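Sharing a model that was predicted from the sequence below.
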Amino acid sequence: MTSTFAIDLEKISHTANIAIVVLCGLFGLAGYFVSFYFHFLTVAFFLLVLLNLFWRHGQTSHTLLANFGFLAQIRYLVESIGPEFRQYLFASDTEESPFNRVERAEVYRKAKGIDSTAAFGSLLAFDRTEIKLRHSFYPVDTDQLEPFDVAVGAARGLDTTYHIRRPIMISAMSYGALGENAVRALARGAKLAGALMNTGEGGHPKYHLMEGCDLIFQMGTAKFGVRTEDGRLDESKLAVLAANNQVKMIEIKLSQGAKPGKGGLLPKEKITAEIAELRGVPMGQDVLSPAHHVECVDAASTVEFIGRIQRVSGLPTGIKFCLGRPNEFRTLVQEMERQDTVPDFITVDGGEGGTGAAPKSFMDDLGLPLFEALPVVHRILRDEGVRDRFVVFASGKLISPGKQLKALSFGADVAYSARGFLLALGCIQALQCNRNTCPVGITTHQKQLQTGLDIEDKARRVANYIEALHHDHVELLAALGRSSARLLCEENLYLPVQAPASPLGEEPS
Ligand SMILES: Cc1cc2nc3c(=O)[nH]c(=O)nc-3n(C[C@H](O)[C@H](O)[C@H](O)COP(=O)(O)O)c2cc1C
């Protein structure tokens, strides 16, 4: 015989609803006969009784409240603090998303400049579900490695060719998505470490420029900072910006992994007077960028637009996208060849990429993951015989040196990270970037929340993180038996059976 135990919620709530009325009366009597101070409780319970009456009989939008009264309210409360409780008390070290505690802790330690070795063994599953790096019997001595150097613009012989000397860059995050202190700490950290920083699509990069680091100016689909009244390119504004010595490249954002096929979104809560001015938008309403550049409606017009930006800016110019249909990319590359207009770099952003704000379905259901997209892009460029004319940047959860080397083995030349740098700034993954309430003052414009974010201290952490990643990059490269990052290829990867179907790469010739 089986016995079932079920909580009779209706009975409990019935009792609770009567109990608060009884308690209110009892405290009233106690206040009258025993001590006046009981009246504080009388008033509290009286208010609760009134609220309870309203929830049960005066509203119709919440069924649970109407059926169960204040007990349902307790459920709402517990549910709202559930994520924090699970994060602190119950989630295991390898369980959370998008980054688990082990991954976050590695960034924190690197950023603080403290020992980031671990003990006893890996916490990851060695069960044929994970892509691994293949080492060599014959590691290269680290002093024999070629220094990291990727020249962007060299294929076109530009005077403005830029040499990237760090294997990691700060990916696009706008002032708007981020607060002033966060932008300045990142920019100062990039300057300290000699790394490149992308401005994001936030318009004139006032705070990025303030810290003196080298920048990739991003032009989103709304062209904030370089737009005409009707949202088209204002060439004179772009030329002025490109003439700034700190601006080293231009990135034309076609799409991003967290919301491909949708333009940027800055919620109205985060639009201050200054942001409205820098972007040239009104306050008090969400700022939605168009899903595509008005100039780019097919392969031919997109390539023409790239050529125009190259001519106007005179700088290495690239495109950022999240891959959807490989054939569209192939057609785009063929059109580039036809027009003899090749962007100097391509940024491939994985569908797993982060964002300040995006519709959930776009985040969850659109866009190829980075390690699926990179080999496809690499292969198409090789098939078309133009791989040497491009530099490929990659982003999508590349917060650890191992993952960065995997991306390089899949065909990227340089890794980009956005959220890795947020963690270096002290992000606790509160998942509130869209609400102006970031508890660690990063994705908020509230002054009191930003006060705790000390620019100098966090800039040092950003620089430490870049240096630690570079250090590990060198050590891993040596272990893989490669004397240069340029020699990495799919032969360096172990692709488990379940991993994306992708041919094993050949040795570089
Ligand atoms: C707070 C935040 C703001 C972002 N803003 C932009 C942006 O302005 N333009 C853009 O192309 N991507 C933006 N991104 C996406 C990142 O540049 C990057 O492509 C993506 O997050 C993948 O890198 P990650 O996994 O290291 O975060 C943003 C991401 C975050 C987390």
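Perfect, I can see it now.

Please count neighbours and contacts with C-alpha atoms only from this point.
Noted.

Would you mind giving the domain segments of the protein?
Under the assignment automatic domain parsing, the domains of the chain span 9-90, 134-494.

closest one to V107 among these?
Smallest distance to V107 across the domains of the chain (C-alpha to C-alpha): 6.1 Å, for domain 134-494.

Turn the domains of the chain into JSON lines, columns for mean pLDDT, distance to E106 and mean neighbour count.
JSON lines is the format used below for the domains of the chain (pLDDT from 0 to 100; distance: least, C-alpha to C-alpha, whole Å; neighbours: other C-alpha atoms under 10 Å):
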{"stretch": "domain 9-90", "mean pLDDT": "91", "distance to E106": "17", "mean neighbour count": "15"}
{"stretch": "domain 134-494", "mean pLDDT": "96", "distance to E106": "8", "mean neighbour count": "20"}
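
okay if I get those as CSV plus distance to S116?
Shown next, in CSV, are those (distance: least, C-alpha to C-alpha, whole Å):
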stretch, distance to S116
domain 9-90, 21
domain 134-494, 9
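
any idea how far P282 is from R482?
Using C-alpha to C-alpha, to the nearest Å, one gets 53 Å for the distance from R482 to P282.

ignore the last one, L47
42 Å.

again, but for P316
32 Å.

With P369 instead?
Following C-alpha to C-alpha, the distance that separates P369 from P282 is 35 Å.

now M197
Relative to P282, and taking C-alpha to C-alpha, M197 is found at 27 Å.

repeat for R101
From R101 to P282 the distance is 40 Å (C-alpha to C-alpha).

In this structure H470 contacts P167, no?
Yes: under the criterion of C-alpha atoms under 8 Å, H470 makes contact with P167 at 6.4 Å.

Around the ligand, pick out the residues from the stretch 151-300 of the chain.
S171, A172, M173, S174, A177, G200, E201, K253, Q256 (C-alpha under 6 Å from any ligand atom).

which one among the residues you listed gets closest to K406?
For those, the nearest to K406 is S171 (17.8 Å; C-alpha to C-alpha).

Skipping adjacent residues, who's closest to G350 in space?
In space, and not counting its chain neighbours, G350 is closest to L370: 3.8 Å by C-alpha to C-alpha, 6 or more residues apart in numbering.

so R227 makes contact with T221?
No: using C-alpha under 8 Å, R227 is not in contact with T221, being 9.8 Å away.

Contact residues of the stretch 351-500 of the chain facing the ligand?
Near the ligand, when you scan the stretch 351-500 of the chain using C-alpha under 6 Å from any ligand atom, you find G353, G354, T355, G356, S395, G396, K397, L398, S417, A418, R419, G420.

Return the residues in contact with the fifth one.
S395 is in contact with S171, T347, V348, D349, G350, G353, L370, A415, Y416, S417, counting by C-alpha atoms under 8 Å, 6 or more residues apart in numbering.

So in terms of bridging, what pairs with it?
Beta-bridge pairing for S395 (DSSP bridges): D349.

And the nearest residue to G113 once chain neighbours are set aside, which helix or strand is it part of?
Spatially, and ignoring its direct neighbours in sequence, G113 is nearest to N464 (5.9 Å; C-alpha to C-alpha, 6+ apart). Element membership of N464 [criterion: DSSP states H and E] is helix 455-479.

Can you name the next helix or strand after that helix?
In the C-terminal direction, the helix or strand that comes right after helix 455-479 (DSSP H and E) is strand 493-494.

So in that sheet, which strands flank that next one, and in what orientation?
strand 132-133 (antiparallel).

Parallel or antiparallel, which strands does the helix or strand just after the partner strand pair with?
Next helix or strand after strand 132-133 toward the C-terminus (DSSP H and E): strand 150-152. Here strand 150-152 is paired, per DSSP bridges, with strand 162-164 (antiparallel).

which residues of the stretch 101-250 of the chain fall in strands?
For the stretch 101-250 of the chain, the strands defined by DSSP state E, counting those that start in this stretch cover 132-133, 150-152, 162-164, 168-170, 197-198, 215-219, 247-253.
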